[in-house]
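> Provide a 3D model corresponding to the input given below.
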Amino acid sequence: MACKKEEDDIDQGQIVRYWQIDKYYGVGGVDSTQFFNIFHGNYEIDIQAGGQYIERYTLFGAPKVLNGTWSFINTNSTYLQLADSAETRVFLVLSIESTSTKLKNPNADQQYWIKPKQ
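Numbers count the residues shown, from 1 in each chain. Down below sits the predicted model:
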C-alpha cells in the first residue's frame, strides 16, 4: 500500500487541522476500530500550525489530554513524529489529503486512518 513518494507529493500544510479517528487496522490488516475505541474513545487530535498538537480521548470513562509537538522528520515528509512529555511516536505517512490521512506504525502492523473532525 505504501508507495515511493517524491518530495512534493505531500503538502505539509494539509496535516494542520482538527482530526478524528476514522479507522484503525491492527495485525494482518484487520479492522479493529471498535477495539481502538475502547482505549481511545472519542479520539481526536488538533494538529496546529507552529508544530503543536493536542490529543484528546477517553480511557475507560476518564478524559485524557496530551499536549506535544509534531514535525516531519525527513525532507520528503514520509515520517511524522509526535512527541509529548511521556513518549515520542513516529508514523509512516501513507497519504495526506484534505478528506483523510493514513498513517502506519513502522514498528508494528497498525494503520491509523483519520479524517477531519466534523
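> neighbours of Val27, just the number please.
By other Cβ atoms under 10 Å, the residues close to Val27 number 9. The way it works is simple: take the backbone N, C-alpha and C, and place the C-beta from them, glycine included.
> Quick check: it touching Asn105?
No: assessed by Cβ atoms under 8 Å, Val27 is found out of contact with Asn105, at 10.8 Å.
> Within the sheet, what are the partner strands of the strand ranked longest in the chain, with directions?
Counting residues, the longest strand found in the chain (DSSP state E) is strand 62-72. If you go by DSSP bridges, strand 62-72 pairs up with strand 52-59 (antiparallel), strand 79-84 (antiparallel).
> Dump those strands to CSV, plus distance to Val90.
Formatted as CSV, the strands paired with strand 62-72 follow (distance: least, Cβ to Cβ, whole Å):
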stretch, distance to Val90
strand 52-59, 14
strand 79-84, 5
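> now those in CSV, with distance to Ile96, mean neighbour count and mean pLDDT?
Listed next are these as CSV, based on distance: least, Cβ to Cβ, whole Å; neighbours: other Cβ atoms under 10 Å; pLDDT from 0 to 100:
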stretch, distance to Ile96, mean neighbour count, mean pLDDT
strand 52-59, 15, 16, 96
strand 79-84, 9, 17, 96
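> Much appreciated, bye for now.
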